[in-house]
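Asker: here is a sequence with its predicted model. Questions after.
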Amino acid sequence: MIFEDNTDKNASSGLEVGWHDIQWADCHSQVRKLQARIVKATQEGKRRKVKSLQWLLTHSFSGKAIAVKKVTENTGKNCHRQLHARV
């Protein structure tokens, strides 16, 4: 049997991006544009379009990066209750 070494293969784009290498202004811009499109589709009553745009936002690199940044850089002052829930 032949086994392949799959240690450097993953399901991502294959490009590693450092936290400080992310273009945050571009990420915020892309997320804002998607959110505006979601609002517009909601106002027009296009539910299928809203659902597809929401999926796109939640699966996009920009959306994920901004979400992680908000959670990791939160000082706790206005943090959501679930993050500080007692177990």
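Answerer: Everything's here; your move. If you're wondering where the values come from, they're calculated on a predicted model, not measured in any experiment.
Asker: once you drop chain neighbours, what's closest to the residue most central in space within the chain?
Answerer: The centroid of the chain falls nearest to Lys64 when counting by C-alpha atoms, centre = their mean (1.7 Å). Nearest residue to Lys64, sequence neighbours excluded (C-beta to C-beta, 6 or more residues apart in numbering): Thr58, at 7.8 Å. (Glycine included, C-beta is placed from N, CA and C.)
Asker: now do that neighbour against Lys33, distance only.
Answerer: 15 Å (C-beta to C-beta, to the nearest Å).
Asker: before we move on, what about Glu44?
Answerer: In terms of C-beta to C-beta, Glu44 sits 17 Å off from Lys33.
Asker: before we move on, what about Gly63?
Answerer: In this view, Gly63 and Lys33 are 11 Å apart by C-beta to C-beta.
Asker: which one's more surrounded, these two?
Answerer: A side-by-side neighbour count of Gly63 and Lys33, using other C-beta atoms under 10 Å, places Gly63 first with 18 against 12.
Asker: compute the number of surrounding residues for Leu53.
Answerer: Leu53 has 20 neighbours, counted by other C-beta under 10 Å.
Asker: same check on Ile22?
Answerer: Count around Ile22 with other C-beta under 10 Å applied: 15.
Asker: now it: how far from Gln43?
Answerer: Relative to Gln43, Ile22 is positioned 31 Å away (criterion: C-beta to C-beta).
Asker: ok, Asn74 next?
Answerer: Noted for Asn74: a distance of 31 Å to Gln43, by C-beta to C-beta.
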